[in-house]
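> what's the 3D shape of this:
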Amino acid sequence: MGELMRRYWQPVLASRNVTARPREVRILGEDLIVFRDGEGRPGLLYPRCMHRGTSLIWGHVEADGIRCCYHGWKFAVDGQCIEQPCEPNPRQCRPEHRQPWYPVAERYGLVWAYMGPPERMPAMPRFDAMEPLEEGEDYLAFDNSLGSHGDINGPEVVPYSWLHMNDNVMDPFHVQVLHTTFSGTQFVREFEVMPKCEFEEIAGGVIYRAHRDLADGRHQERVSTWMMPNIMFVPDVAMRAGRPNGIGISVPVDDTHSRILMAMRTPRSPDGKRPMRGLEAENFKPWHERTLEERQDQPGDYEAQAGQGPVSLHSEEHLVTSDKGIGLQRRMLRRALEMVAAGGDPPGLSFDEGTVTHVPSGNFYSG
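Residues are numbered from 1 along each chain as shown. Predicted coordinates:
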């Protein structure tokens, strides 16, 4: 699975959190250093300086790279060593003196990395649900697993596998139970209507169509999309009509931890704060302030998913008809593993920079 995940671009952090202050980050089981040079370019490097092994977390960022604290070797964002001040000719660095690095780029307010084989690097993904921005909109990204606990001050890394949240996105029924009738209304009350659902494979992903006949006489079709291998396009959870206003990605930190990153199209906010979305949960006590007993009384996604353990025991599950979407996802992942093992490219990739992938998600009304 690690090889499969590395064939796709993965978000690392929100762009605003990649700064001139070097930062440690763990992704796909690797400990790395992320920073932004003085020209505004992000970089993602192996932490141990290739000279004598001192961590670059202690380095200083300059206009054209990061300088190691020990002997001053300086590396550009692409790993090239550009200065060795203790040598007779400080700027005559050998070509092989290149700090291990990964390509990075920015889109939708996130810094993304490609960590797979260079000769198989696809184009960075683009989605029609995220662009173009409408008048007065901007991107607002979060890298603190907000999609799990809903708390701006909650833990950045959650103590369970990326597959927990990945499964969650193709599970329309837990919204009626967990988020509406068990823990009180966490989103909006209309979700108390048990949906009638259809699941379908699409190119590089799976969708569900959840049909609800609402009390006000309207009929709603809610379409949610999962795309290979870990991308979620959930329609507006306040049930506003139209396309989704965000993207979520469940990124492995390692086998037993993950980080849920998200980016939203929102009205421009000068203070960069999370916008209010009209959800009941926005009136609740923040997650990080709740006691264990309060979380027992009103569990959410974090509790349900952490309760599965760091790695869910699929061999102990008993899947039923309402789990069809999860079955479709898991089978698609297994087929993709086989494709990669056979030397092929997994689904959902594009090698054309101009490709914009269509996302069918949205809340659609009639009647």
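> OK, contacts around the nearest residue to E353 once chain neighbours are set aside?
Nearest in space to E353, with sequence neighbours left out and distances taken as Cβ to Cβ, 6 or more residues apart in numbering, is A123 at 4.6 Å. For every residue, glycine as well, the C-beta is placed using N, CA and C. Counting by Cβ atoms under 8 Å, 6 or more residues apart in numbering, A123 makes contact with S350, F351, D352, E353, T355.
> look up phi and psi at the residue nearest to the third one when sequence neighbours are not counted.
Beyond its immediate neighbours in the sequence, the residue positioned closest to D352 (Cβ to Cβ, 6+ apart) is A123, lying 5.9 Å away. With angles defined as degrees, to the nearest 10, A123 sits at phi -70, psi 150.
> need the pLDDT of A123.
In this prediction, A123 carries a pLDDT score of 98.
> likewise for M227?
98.
> check D31 too.
D31 is assigned 98 on the pLDDT scale.
> what's the neighbour count on it?
Here the number of neighbours of D31 (other Cβ atoms under 10 Å) works out to 14.
> which residue is the nearest non-sequential neighbour of it?
Distance criterion Cβ to Cβ, 6+ apart; nearest residue to D31, sequence neighbours excluded, is P47 at 5.9 Å.
> what about that neighbour, distance to M115?
Between P47 and M115 the computed distance is 15 Å (Cβ to Cβ, to the nearest Å).
> cool, I57 as well?
Distance from I57 to M115, counting by Cβ to Cβ: 20 Å.
> those two: who's more crowded?
Counting neighbours by other Cβ under 10 Å for I57 and for M115 shows that M115 has the greater number, 21 against 15.
> what pLDDT does the more buried one get?
98.
> is it correct that it is in contact with P100?
No. With contact taken as Cβ atoms under 8 Å, M115 and P100 are classed as non-touching, separated by 10.9 Å.
> L163 contacts L313, correct?
No. Because the distance of 11.7 Å does not satisfy Cβ under 8 Å, L163 is recorded as not touching L313.
> tell me which of these two has more neighbours.
Here L163 and L313 are compared on neighbour count by other Cβ under 10 Å; more neighbours surround L163, at 22 against 8.
> in a helix, that one, correct?
Yes. Looking at L163 with DSSP: H, G, I helix; E, B strand; the rest coil, it is inside a helix.
> what's the separation between it and P310?
Spatial separation of L163 from P310 under the definition Cβ to Cβ is 11 Å.
> in the longest helix anywhere in the chain, what's buried?
With DSSP state H applied, the helix covering the greatest number of residues in the chain is identified as helix 324-341. Within helix 324-341, the residues that qualify as buried are K324, G325, I326, L328, Q329, R330, M332, L333, A336, V340, counting by 16 or more other Cβ atoms under 10 Å.
> let's have the residues you listed in JSON lines, adding pLDDT and distance to Q10.
What follows is the buried residues of helix 324-341, written out as JSON lines (pLDDT from 0 to 100; distance: Cβ to Cβ, whole Å):
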{"residue": "K324", "pLDDT": "97", "distance to Q10": "27"}
{"residue": "G325", "pLDDT": "97", "distance to Q10": "23"}
{"residue": "I326", "pLDDT": "97", "distance to Q10": "22"}
{"residue": "L328", "pLDDT": "98", "distance to Q10": "22"}
{"residue": "Q329", "pLDDT": "97", "distance to Q10": "18"}
{"residue": "R330", "pLDDT": "97", "distance to Q10": "20"}
{"residue": "M332", "pLDDT": "97", "distance to Q10": "18"}
{"residue": "L333", "pLDDT": "98", "distance to Q10": "15"}
{"residue": "A336", "pLDDT": "98", "distance to Q10": "15"}
{"residue": "V340", "pLDDT": "97", "distance to Q10": "15"}
